[in-house]
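Enquirer: Quick one, fold the following:
(one chain, ligands or ions: 1)
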Amino acid sequence: MDQALKDRKTRQITIGGTKVGGNAPVVVQSMCATRTIDIDETVAQAHQLANAGAGIVRIAIDSEKEIPAVKEIRKQTKGVVLSVDLQENYKIADRVAPHVDKIRYNPGHLHHIEKSKTIEQKVKWLVEVARDNDVAIRIGVNCGSVAPAFLDKYPGDQLAAIVESAAYHCDLMDSFGFTRFVVSLKDSDPVKVMDANRRFSKRRPDVPIHLGVTEAGLPPDGIIKTRIAFEKLLAQSIGDTIRVSLTLPNERKHEEVLVGHKIIQDVAAGRFISVPDFGAGLNIISCPSCSRVENMKFVELAQQVKELTTYAEKYKITIAIMGCRVNGPGETDDADLGLWCGPTTVNLKKKDRKLGYYAYEEVLPKLRTELDRLIAERTSATAAN
Ligand code: SF4
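Expert: Numbering: from 1, shown residues only. Coordinates of the predicted model:
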């Protein structure tokens, strides 16, 4: 099986001092969950992740105010390969690129700003920024934020929409003669991650792929979900870099990297996990947190939700817990019950319907009531059939 990891046919690119793609070893990366403006904490976490074996460390940036922090973080992390996530503000790329080794943009977030410009114009500019600053690009497609133009083009087929969106951006890179890029196609459902990456890899076998299962949640379930997708894909020679996204307190964040390396070692040795019926019952998804997290009580809350809901294990119900108001409201829409965390309160939802917001200390009994109600609805619906 070791051979599968060596048989990757993608082109090789360099990101800082790290080689990605082709016959380079699969690179494990991770992301700082600290606030980027907290320079000391972010520098410490970047080193924590790199020391655990992260070949690339990502930080996120939302606004111009954080640019001086990125500059200072770069100065204090000379040996770390840094990637910056432009989130929803691609326009700051030219001011952060001088301080990092890679920029990540989300094709689903380009239409929000500078509406008078075409997507092609915006990507062309990002490529110029990357060239001028000698950095690589990640085209980071996410099922939770697919570009509306592709959702409209492939109604009811989200997988086609994300694969075609990624392929379109690769075509743009080709048209600008830019080859130093990777693509990621992420979702919280490992089966979708497998389908999307297999389809994309057939479509563009030359393009290096970064694998991720978003919002995989707390260990051990989050690790199992991730393994389900990564093992199969890596064994098919798909995946040049990986990130394991786990909900962990900051002092344990490096465990993401250790788990990533363990998965690669196990695939190389032909050791695979078998999880019959995984996903048949209660599914708790939670984000890995990032610089946007509004209250670190979110991690504790995710753990408490897991403990509180064990009695509902056999029901096929999804509960989502997200750490911020930016992605939280949207990312919880598809869950049966959703919680997204603000600075002092937690918002509770049933699918896309708001149920109310509660103090961190008060939300668990409310969740329990809603879960009991949902189970009763499901049970009576089954009895009626
Ligand atoms: S939901 Fe918010 S805090 Fe959580 S990873 Fe996504 S952007 Fe970061």
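
Enquirer: CA only for contacts and neighbour counts going forward, please
Expert: Fine.

Enquirer: Give me the pLDDT value at Ser63.
Expert: Looking at Ser63, its pLDDT is 89.

Enquirer: Next: Phe272.
Expert: Per-residue pLDDT puts Phe272 at 88.

Enquirer: Next: Met1.
Expert: In this prediction, Met1 carries a pLDDT score of 52.

Enquirer: Equivalent analysis for Asn327, please.
Expert: Among the per-residue scores, Asn327 shows a pLDDT of 85.

Enquirer: Repeat that for Met31.
Expert: 97.

Enquirer: Around it, how many other residues sit close by?
Expert: Using other CA atoms under 10 Å, Met31 is surrounded by 29 other residues.

Enquirer: Check whether the nearest residue to Ile139 once chain neighbours are set aside sits in a helix, strand or coil.
Expert: Nearest-residue entry for Ile139: Val183, 4.8 Å, with adjacent residues in sequence omitted and distances by CA to CA, 6 or more residues apart in numbering. Val183 falls in the strand class when you classify it by DSSP: H, G, I helix; E, B strand; the rest coil.

Enquirer: check contacts around Val183.
Expert: For Val183, the contacting residues are Arg138, Ile139, Gly140, Val141, Ala166, Val207, Pro208, Ile209, His210, taking CA atoms under 8 Å, 6 or more residues apart in numbering as the criterion.

Enquirer: count of neighbours near the residue of the stretch 51-200 of the chain found nearest the ligand?
Expert: Nearest residue of the stretch 51-200 of the chain to the ligand, counting by CA to the nearest ligand atom: Gln87, 8.2 Å away. By other CA under 10 Å, the residues close to Gln87 number 16.

Enquirer: Compute the distance between it and Leu126, please.
Expert: In this structure, Gln87 and Leu126 are 14 Å apart, going by CA to CA, to the nearest Å.

Enquirer: Same check on Asp62?
Expert: When Asp62 is compared with Leu126 (using CA to CA), they lie 16 Å apart.

Enquirer: how long is stretch 354-365 end to end?
Expert: Length of stretch 354-365, first residue to last, CA to CA: 16 Å.

Enquirer: Can you show me the helices along the stretch 1-150 of the chain?
Expert: Ranges of helices within the stretch 1-150 of the chain are 2-6, 39-51, 67-76, 93-96, 119-133, 148-153, based on DSSP state H, counting those that start in this stretch.

Enquirer: Select from those helices the stretch with the lowest mean pLDDT.
Expert: Per-stretch averages of pLDDT across the helices of the stretch 1-150 of the chain put helix 2-6 at the bottom, with a mean of 76.

Enquirer: same for that helix, what does it pack against?
Expert: Under the contact criterion of 3 or more CA pairs under 8 Å, 6 or more residues apart in numbering; DSSP states H and E, helix 2-6 touches helix 221-235, helix 255-268.

Enquirer: Next, the angle from the last one to helix 221-235.
Expert: What separates the directions of helix 255-268 and helix 221-235 is an angle of 40 degrees, with axes from the mean of the first three to the mean of the last three CA atoms, to 10 degrees.

Enquirer: how about the contacts of Val183 in a markdown table, adding neighbour count?
Expert: Formatted as a markdown table, the entries for the contacts of Val183 read as follows, by neighbours: other CA atoms under 10 Å:
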| residue | neighbour count |
| --- | --- |
| Arg138 | 21 |
| Ile139 | 23 |
| Gly140 | 21 |
| Val141 | 25 |
| Ala166 | 24 |
| Val207 | 25 |
| Pro208 | 27 |
| Ile209 | 27 |
| His210 | 26 |
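
Enquirer: wait, which of these is closest to Arg95?
Expert: In terms of CA to CA, no member of those lies closer to Arg95 than Arg138, at 17.1 Å.

Enquirer: Show me the beta-bridge partners of the closest one.
Expert: Arg104, Val182 (DSSP bridges).

Enquirer: For it, give me its contacts.
Expert: Contacts for Arg138 (CA under 8 Å, 6+ apart) come out as Lys102, Ile103, Arg104, Tyr105, Phe181, Val182, Val183, Ser184.

Enquirer: now swap in Ala312 and tell me
Expert: Counted by CA under 8 Å, 6+ apart, Ala312 has contacts Leu282.

Enquirer: now it: how far from Val84?
Expert: Using CA to CA, one obtains 39 Å as the distance from Ala312 to Val84.

Enquirer: got the contact list for stretch 129-136?
Expert: For stretch 129-136, with CA under 8 Å, 6+ apart as the criterion, the contacting residues are 14-16, 93-94, 97-98, 100-103, 137, 180-181.

Enquirer: Buried only: go through these for me.
Expert: Members of these that pass the buried threshold by neighbour count (16 or more other CA atoms under 10 Å) are listed as 15-16, 93-94, 97-98, 100-103, 137, 180-181.

Enquirer: The closest residue to the ligand within the stretch 101-250 of the chain: what's its closest spatial neighbour, skipping adjacent residues?
Expert: With distances taken as CA to the nearest ligand atom, the stretch 101-250 of the chain approaches the ligand most closely at Glu215, which sits 7.4 Å away. Of all residues beyond its chain neighbours, the one nearest Glu215 is Cys287 (4.0 Å), with distances taken as CA to CA, 6+ apart.

Enquirer: still on that earlier bit, in contact with the residue lying closest to the residue of the stretch 51-200 of the chain closest to the ligand once chain neighbours are set aside, which residues?
Expert: Nearest in space to Gln87, with sequence neighbours left out and distances taken as CA to CA, 6+ apart, is Asp62 at 6.2 Å. Counting by CA under 8 Å, 6+ apart, Asp62 touches Leu86, Gln87, Glu88, Asn89.

Enquirer: What about Leu301, how many residues nearby?
Expert: 20.
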